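J.: Sequence isn't available, so here's the structure alone:
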């Protein structure tokens, strides 16, 4: 026979679990997260899901309108471009170039930025002061302008674009990590392991990181939306992916001359960029709102 519980056990969820419980109570945020996961799946499995090749020309299907048009073809659901390439396949496979690469860039910038930011937060004196002022100068400049300057130095190309955007995003993670650690160091719970003889590194890993990871995740979503726009903008300017690759910004630039005769070749990649940025921002806004409610409670 099971024994009845005499005492009521009060459960205190971890900061990340509590953030998720608050986040999933917002329908718009959950919808945005579902769209974000869908974009992520398209970025990973895009070549397997696309009905046609994104690079193969079909001269018999030049500028075919979308399937719902009178002259459309169901085999080409979103129509074709001026070389007969399937727009749907190019948009799907372009997800990995614009959306997928932005995730990789943000992850690399996050890791480097968190490490440097942690070192900065634990350091004292002139080194910390110099790094703080340097970050203030870098963060005062627009990220796209910095990326263009770096690409101009390194040369055009998708690889150099990724390096440029990564270098631009690193100071943001350094700044948010340093400020978050400094804020947590002032709280009383950090003093307990220090008084027990724990090293600063151990306190950082076991006590501080679990309480600032939510802020880093929120910063990562904001950084990704900026990375998506920067990759697309540099591709639009001809500094990023080669013309043949289905990168959304490059597709948008190559279709401007066709806007009046084949508008779908222009507004479809533009709509893809808009959806990716809005969904990423909504996910970040959902986490930020949840963090605010968590602090108030």
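T.: Done, it's in. Source: prediction; values computed, not measured.
J.: residues contacting residue 32?
T.: With contacts defined as CB atoms under 8 Å, 6 or more residues apart in numbering, residue 32 is in contact with 278-279, 282-283, 286. Every residue, glycine included, has its C-beta placed from N, CA and C.
J.: which residue sits closest to it, ignoring its sequence neighbours?
T.: residue 282 (3.5 Å; CB to CB, 6 or more residues apart in numbering).
J.: Share the number of residues neighbouring that neighbour, please.
T.: By other CB atoms under 10 Å, the residues close to residue 282 number 21.
J.: Likewise for residue 25?
T.: Residue 25 has 12 neighbouring residues, counting by other CB under 10 Å.
J.: mind checking which helix or strand the nearest residue to residue 247 once chain neighbours are set aside is in?
T.: Using CB to CB, 6+ apart and skipping the chain neighbours, the partner closest in space to residue 247 is residue 241 (3.7 Å). If you go by DSSP states H and E, residue 241 is not part of any helix or strand.
J.: For stretch 21-41, buried residues please.
T.: Residues of stretch 21-41 classed as buried: 22-23, 26, 29, 32-33, 35-36, 39 (neighbour count, 16 or more other CB atoms under 10 Å).
J.: And those, which is closest to residue 172?
T.: residue 36 (20.0 Å; CB to CB).
J.: Let me know the next secondary structure element after the strand or helix carrying that closest one.
T.: Counting by DSSP H and E, the element that carries residue 36 is helix 27-49. Heading C-terminal from helix 27-49, the first helix or strand you meet, by DSSP H and E, is helix 87-95.
J.: that older thread, isn't the residue nearest to residue 32 up against residue 30?
T.: No. Assessed by CB atoms under 8 Å, residue 282 is found out of contact with residue 30, at 10.0 Å.
J.: and for the two, which residues touch both?
T.: Common contacts of residue 282 and residue 30, defined by CB under 8 Å, 6+ apart, are absent altogether.
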